[in-house]
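# Sharing a model prediction with you, sequence too.
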Amino acid sequence: MATGSRGWKDFIKQAGELLYWAMLAACTVGPGTVVTCSRSGAEYGLALCWALILATILAFILQEGTVRLTVTSGLSLGQCLKLKYRHTFKIYKVALICWVISGCVFIGNLFFSLNCWAGGVDAVLAFPGASDVTGWQGDLLRIGVCVGYGVITMVLLWYDKTHLLGVMLGFVMMGMVVLFVIVVAEIGIDWPNFGKGLLPNIPSRIEGRVEPTDLVLSLVGTTALGFNLFLGGDMAKGRTLVSAQRGILFSVVSAMIVSLLILIVGAGQFSPTSSATYSIQGLSKFIRNYTGEGGVVVFALGFMAAALSSMITVILGANITARSMFFDEETDPTLYKFREEPLENRGDGQRSGGDDEKALPVIQTNPTWVEERQEKLRKRKHIMNQSINLIQTAISVIAIAANADRLYVILVAQVFNGALLPFFSMCLLLCINDPQFMKSRPQKGYANVFLFVSVTISLFLSSNTVLEKIVGDALAIDERLYVAIAISITGMAALSFFTSLGKNIVQSFKGNKITNSNASGR
């Protein structure tokens, strides 16, 4: 009896751990995922399934790297960057690169917020009869929906009640997932074309449809979210590496399965000769053919839940990133003194000192001063958090209420954040090979290969899309791909040569300790 009770408790504990990491899946499976995946299927059939598989692999490798960095060093990626570049040029005592990264996350997440509000409006319009409301009444409905989402988001963020809502919304989203399973079972899967879709290829653009390179980068951008590297690291604090890895795997595989289901349902509408344009309302009508009005209601409710949960987690991601770099108590340069001489093992299970370790913080000894400083940091952090909440919410409400092109907003958000992914990934690659963070558990050679290749691939995909926007048809597709490959290889070679990364990666194969980064932040 005792053994059975213990086994049940272990199961509950493991399930709780997986649900904890489901927040990353909630960030991933938002309205952008629903729109991007269904649009990819509707406009190019199953040809882009490979992009989702690739994005899932990239997401796991990158997020596993950031949790390993946090579990080993005791610091999130943002905190590591703050310490790594503490001797470089500063603005208000914070390294310039921290300002750049925080700014990129803020702008990227602002696009994601706009994407969430756009999807949230389309979710309401997906309810039976809602899209028939036009004229001033339709405008009033759209404005009311945007303001309603804004009020709910601000209240939950202000009172810090987001976790409870996230669990409830997760159950609602599960209803939408079950619905997509039913529709896929009804329409069936074209297995030969599905198999072909698993092979990397860029289909020719069909007139009147989105450029396939945009959709590829969008699928990567909506699955391997750059700001999840900062959010995931913060979530990994206090967790064991094994439990964090298991949680990351659960999160990315769950998101992949849901995304594939959505893409397959979208592919049910695919016709290479059709002149019909993609819309959420068209997707709703397609679902109605197989599930009736009840299925459309379930889809709309799940779509709303995905939008609302993503609205909250996207803003939280921007807050966590900024907080780790500006008003973080663990790495505050006035609250802590950073010794420049070697330190012995602190015995706290976080990091151990060594001949080349220079970033370990030692707290000030005046308890009154420390308490006052901590209180000041908490107040500034609160002001910053609420400012980010208000700015991102207000801009999203105003822009989408003003009837911005919602499908275009969603596409731009995914492409822009996909283009940011290589930059954030490079930051991770540099930090995870830095001895001041990883001395007690240096990065292995094979892990560096996986991470280095992942960063290179993300840079290639971003370069290809940016080139397509710049040169258009001036280069043939093959020529553009060759140029993108050259850019990605040259970029990674420069990163390895002009920083200590190259030496550290070579040393990781020899089993020796990695080369210390110098004070200039290399």
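Here it is on my side, so go on. Predicted model only: the values in this text are computed from it and were never measured. Numbering: from 1, shown residues only.

# which parts of the host helix or strand of G144 are buried?
In this assignment (DSSP states H and E), G144 forms part of helix 135-158. Using 16 or more other Cβ atoms under 10 Å as the test for burial, helix 135-158 gives L141, R142, I143, V145, C146, Y149, G150, T153, M154, L156, L157. For the C-beta atoms, the positions are set from N, CA and C on the backbone; glycine is no exception.

# And the contacts of that helix?
Residues from elsewhere that reach helix 135-158, judged by Cβ atoms under 8 Å, 6 or more residues apart in numbering: 117, 120-121, 124, 130, 133, 161-162, 165, 307-308, 311-312, 315-316, 385-386, 389-390, 393-394, 396-397, 400-401, 403.

# if we can go back for a sec, now distance to V253 and pLDDT too, for the buried residues of helix 135-158, in a markdown table please.
Converted to a markdown table, the buried residues of helix 135-158 look like this (distance: Cβ to Cβ, whole Å; pLDDT from 0 to 100):
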| residue | distance to V253 | pLDDT |
| --- | --- | --- |
| L141 | 37 | 94 |
| R142 | 36 | 95 |
| I143 | 39 | 95 |
| V145 | 33 | 95 |
| C146 | 33 | 96 |
| Y149 | 29 | 95 |
| G150 | 33 | 95 |
| T153 | 28 | 91 |
| M154 | 33 | 92 |
| L156 | 28 | 86 |
| L157 | 29 | 87 |
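
# between these, which is nearest E207?
Using Cβ to Cβ, the shortest approach to E207 within the buried residues of helix 135-158 belongs to R142, at 30.2 Å.

# State the distance from that closest one to F498.
Taking Cβ to Cβ, to the nearest Å as the criterion, R142 is separated from F498 by 50 Å.

# Report the secondary structure state of the spatially most central residue of the chain.
With distances taken as Cα atoms, centre = their mean, the residue of the chain nearest its centroid is L225 (2.2 Å). Judged by DSSP: H, G, I helix; E, B strand; the rest coil, the three-state class of L225 is coil.

# where does it land on pLDDT?
As summarised for this prediction, L225 has a pLDDT of 80.

# Next: G268.
89.

# In contact with the closest residue to it other than its chain neighbours, which residues?
Nearest residue to G268, sequence neighbours excluded (Cβ to Cβ, 6 or more residues apart in numbering): I187, at 4.5 Å. Residues in contact with I187 (Cβ under 8 Å, 6+ apart) are I264, V265, G268, Y290.

# For N289, see how far away I187 is.
In this structure, I187 and N289 are separated by 9 Å, where distance is defined by Cβ to Cβ.

# got it, and I53?
Between I53 and N289 the distance, using Cβ to Cβ, works out to 28 Å.

# So between these two, which is more surrounded?
Neighbours around I53 and N289, counted as other Cβ atoms under 10 Å, are more numerous at I53. The numbers are 17 against 12.

# Pull the contacting residues for that one.
Taking Cβ under 8 Å, 6+ apart, we find I53 in contact with L198, M256.

# what about the closest residue to M174 other than its chain neighbours, distance to K510?
If you skip the residues right next to it in sequence, M174 has G302 as its closest partner in space, 8.0 Å away by Cβ to Cβ, 6+ apart. Taking Cβ to Cβ as the measure, G302 and K510 are separated by 51 Å.

# and what of N115?
N115 sits at a distance of 45 Å from K510 (criterion: Cβ to Cβ).

# Who has more neighbours out of those two?
Ranked by neighbour count (other Cβ under 10 Å), N115 and K510 place N115 first, with 33 against 9.

# I'd guessed that one sits against T33; true?
No. With contact defined as Cβ atoms under 8 Å, N115 and T33 do not form a contacting pair (9.9 Å).

# what sits in contact with each of these two?
Counting by Cβ under 8 Å, 6+ apart, nothing touches both N115 and T33.

# Just the buried positions in stretch 427-435, please.
By neighbour count on 16+ other Cβ under 10 Å, the buried set for stretch 427-435 is C427, L428, L429, L430, C431, I432, N433, D434, P435.

# Let's see it as CSV, backbone CA atoms only.
C-alpha atoms of stretch 427-435 as CSV (Å, rounded to 0.1, in the frame of the first residue of the first chain):
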residue,chain,number,x,y,z
CYS,A,427,24.5,35.3,-27.0
LEU,A,428,23.7,31.9,-25.5
LEU,A,429,26.5,30.2,-27.4
LEU,A,430,29.0,32.8,-26.0
CYS,A,431,27.8,32.5,-22.4
ILE,A,432,27.6,28.7,-22.3
ASN,A,433,31.2,28.5,-23.3
ASP,A,434,32.4,31.1,-20.7
PRO,A,435,34.3,29.6,-17.8
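
# Do a quick rundown of the strands in this protein.
Along the chain, the segments classed as strands by DSSP state E run 90-91, 94-95, 336-338, 361-363.

# now the first one, how far from the centre of its chain.
Just to be clear, that refers to strand 90-91. Per Cα atoms, centre = their mean, to the nearest Å, the displacement of strand 90-91 from the mean C-alpha position of its chain is 27 Å.

# and it, which strands flank it?
In its sheet, strand 90-91 lies beside strand 94-95 (antiparallel), with partners assigned from DSSP bridges.

# Helix 135-158 and the longest helix along the chain, what's the angle between them?
Looking across the chain with DSSP state H, the single longest helix is helix 280-326. Regarding helix 280-326 and helix 135-158, their directions subtend 30 degrees when assessed with axes from the mean of the first three to the mean of the last three Cα atoms, to 10 degrees.

# pLDDT on helix 280-326, on average?
Here the average pLDDT along helix 280-326 is 88.

# now do stretch 255-263
Mean pLDDT, stretch 255-263: 91.

# Alpha carbons of that stretch, in CSV - could you do that?
C-alpha atoms of stretch 255-263 as CSV (Å, rounded to 0.1, in the frame of the first residue of the first chain):
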residue,chain,number,x,y,z
ALA,A,255,3.9,22.5,-29.4
MET,A,256,5.1,20.5,-32.4
ILE,A,257,2.2,18.1,-32.3
VAL,A,258,-0.4,20.9,-32.0
SER,A,259,1.3,22.9,-34.8
LEU,A,260,1.4,19.9,-37.2
LEU,A,261,-2.3,19.2,-36.5
ILE,A,262,-3.2,22.8,-37.3
LEU,A,263,-1.1,22.7,-40.5
